[in-house]
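Participant: need a structure here:
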Amino acid sequence: QVQLVESGGGLVQAGGSLRLSCAASGRTFSRTVMAWFRQAPGKEREFVAVITWNGGYTSVANSVKGRFSISRDNAKNAVYLQMNSLKPEDTAVYHCAAANTLSWSPHDYTYWGQGTQVTVSS
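Facilitator: Below is the predicted model of the structure:
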């Protein structure tokens, strides 16, 4: 079992930065694949970024490439999403999620946090 709690969201102007954090509990955290997804009103949940258990592989969506990065600290049971050069279209609820295998699909993730709101004003 893995429990996830996100933090760090808020209101920011376009061009600004935010760093989201996801605190995890559960003794298997260091063996899990972690990802960030986002969901805007009226839209489906979409992949943002993923990182393997040891941080050896990361991937981000094309829509955020060059602006967002994902990292993790297994000693702190945490995963992070650094978001730079934010755009209004990045506005969404951001969720972290955990899975046993590498995947870009939300359907493959078993554990989810409650989400944190990110709002980017123009």
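Participant: going forward, measure contacts between C-alpha atoms and count neighbours the same way
Facilitator: Noted.
Participant: and the residue most central in space within the chain, how far from residue 122?
Facilitator: Centroid check for the chain by CA atoms, centre = their mean gives residue 36 as the closest residue, at 2.4 Å. Counting by CA to CA, to the nearest Å, the gap from residue 36 to residue 122 is 23 Å.
Participant: just residue 109 next, same as before
Facilitator: Relative to residue 122, and taking CA to CA, residue 109 is found at 33 Å.
Participant: check residue 90 too.
Facilitator: Residue 90 is 11 Å from residue 122, by CA to CA.
Participant: what about the two, which has more around it?
Facilitator: Legend: neighbour count by other CA atoms under 10 Å for residue 90 and residue 122, higher for residue 90 (20 against 11).
Participant: and residue 11, bridged to which residues?
Facilitator: residue 119 (DSSP bridges).
Participant: tell me the pLDDT of it.
Facilitator: Looking at residue 11, its pLDDT reads 98.
Participant: quick one: it and residue 119 touch, right?
Facilitator: Yes. Assessed by CA atoms under 8 Å, residue 11 is found in contact with residue 119 at 4.7 Å.
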